[in-house]
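J.: Got a predicted structure here, sequence first:
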Amino acid sequence: MIALRDVYKSFGPKRVLTGFSLEVAEGETMVIIGFSGSGKSVVLKHLIGLLVPDRGDVLVDGVSVPTLTRRELYALRARIAYVFQFAALFDSMTIAQNIAMGLRRQTELGAAEIDGRVRESLELVDLPDAGPLYPAELSGGMRKRAGIARAIALRPKYILYDEPTTGLDPVTSAVIDDLMLRMQRQLGVTSIVITHDMRSAYLVGTRIAMLYEGRVRQVGTVHEIQHTTDPVVRQFIEGRASLAATAAPA
């Protein structure tokens with residue numbers, strides 16, 4: 001289980017998290033929504049120890065992340081995969097080399113086992129022939145899928161997705177959504193998804209939490225969020241310009 005408890009984080013005078021609390025149960029997909037610049041990615045960075053809270057605590061499987069040594073953090077990161085917004089693949093490496101790099105650094109697998117894990121991971125994201133290609137030879141959607149393949153190669157317990165459908169057309173976005181659902185079903189991973197895409201949020205989420213002014217404004221099932229009466233949450237999910245705006249007549 002993942003738990004963030006009363007987390008505060010500021011960068012100079014800018015207060016980003018002001019008592020953020022959220023629990024993510026094993027096996028679920030928690031979607032975090034919120035306005036641009038609200039601190040959603042800051043939450044993810046606390047989970048892997050890239051940021052340390054000013055106050056509060058971050059727990060993964062009952063262990064306090066801010067108290068871990070560097071070696072313990074490396075061990076934690078082997079269990080938590082991070083899918084970056086723009087895939088973050090190394091342009092000078094083939095897709096297979098990108099995927100294999102983490103396996104070489106973070107596991108004791110032999111060369112043949114690494115090659116097998118790379119092939120298996122690419123097959124899971126429907127890119128069986130992409131291994132010898134370079135990132136520049138792939139479309140944006142294919143690069144995202146390659147990023148997911150790199151993440152799952154380590155067989156993580158948790159996957160963190162940072163805006164996985166940003167910049168993609170609707171059809172490609174649907175492919176990424178399907179992959180996220182497949183990873184949950186086939187690998188049993190627990191996921192946290194940062195997104196502005198409500199169609200995607202409703203499809204992949206077990207629960208949805210809205211981050212607003214540094215705290216969780218509301219958390220609930222897809223049905224609960226879709227039928228919320230909270231004006232701030234309704235503004236966001238309906239894409240209205242202001243709280244005072246009303247839906248146009250049919």
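T.: Everything's here; your move.

J.: average pLDDT for the helix or strand hosting Gly220?
T.: Assigned by DSSP states H and E, Gly220 falls within strand 215-221. Strand 215-221 shows a mean pLDDT of 98.

J.: Mind jotting down where the strands sit in the protein?
T.: Ranges of strands in the chain, per DSSP state E, are 2-11, 14-24, 29-33, 55-60, 63-64, 80-83, 158-162, 190-194, 207-212, 215-221.

J.: Need the residues that contact the longest one.
T.: So that's strand 14-24. 1-10, 30, 32, 39, 42-43, 53, 56, 190, 192, 209, 211, 213-216, 219 (C-beta atoms under 8 Å, 6 or more residues apart in numbering). The way it works is simple: take the backbone N, C-alpha and C, and place the C-beta from them, glycine included.

J.: now the third one
T.: Among residues not part of strand 29-33, those counted as contacts by C-beta under 8 Å, 6+ apart are 22, 24, 40, 43, 180, 184, 190-196, 198, 201, 204-211, 236-237.

J.: And for the fourth one?
T.: Contacts of strand 55-60 with the rest of the structure, by C-beta under 8 Å, 6+ apart, involve 1-8, 19-21, 46-47, 64-66, 76, 79-80, 158.

J.: What's the ChimeraX line that selects buried ones from the residues you listed?
T.: Entered in ChimeraX, the line below selects the buried ones among these, by 16 or more other C-beta atoms under 10 Å:
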select :2,3,4,5,7,20,21,46,47,65,76,80,158
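
J.: which residue is nearest the middle of this protein?
T.: Tyr161 (1.8 Å; C-alpha atoms, centre = their mean).

J.: Look through the protein and tell me its longest helix.
T.: helix 170-187 (DSSP state H).

J.: Tell me how far the residue nearest to Leu103 when sequence neighbours are not counted lies from Gly147.
T.: Among residues not flanking Leu103 along the chain, Ile114 sits closest, at 4.8 Å (C-beta to C-beta, 6 or more residues apart in numbering). Look at Ile114 and Gly147: by C-beta to C-beta, to the nearest Å, they are 18 Å apart.

J.: Counting neighbours, go ahead and name the busier of these two.
T.: Gly147 (26 against 19; other C-beta atoms under 10 Å).

J.: Quick check: that one touching Ile95?
T.: No - using C-beta atoms under 8 Å, Gly147 is not in contact with Ile95; the gap is 9.8 Å.

J.: Just give the nearest non-adjacent residue to Met210, would you?
T.: Arg217 (4.5 Å).

J.: What degree of burial does that neighbour show, as a neighbour count?
T.: Around Arg217 there are 18 residues (other C-beta under 10 Å).

J.: chain center to the strand holding Gly220: distance?
T.: Distance, stretch centre to chain centre, for strand 215-221: 17 Å (C-alpha atoms, centre = their mean, to the nearest Å).

J.: Adjacent strands (with direction) for that strand?
T.: Sheet pairing of strand 215-221 (DSSP bridges) gives strand 207-212 (antiparallel).
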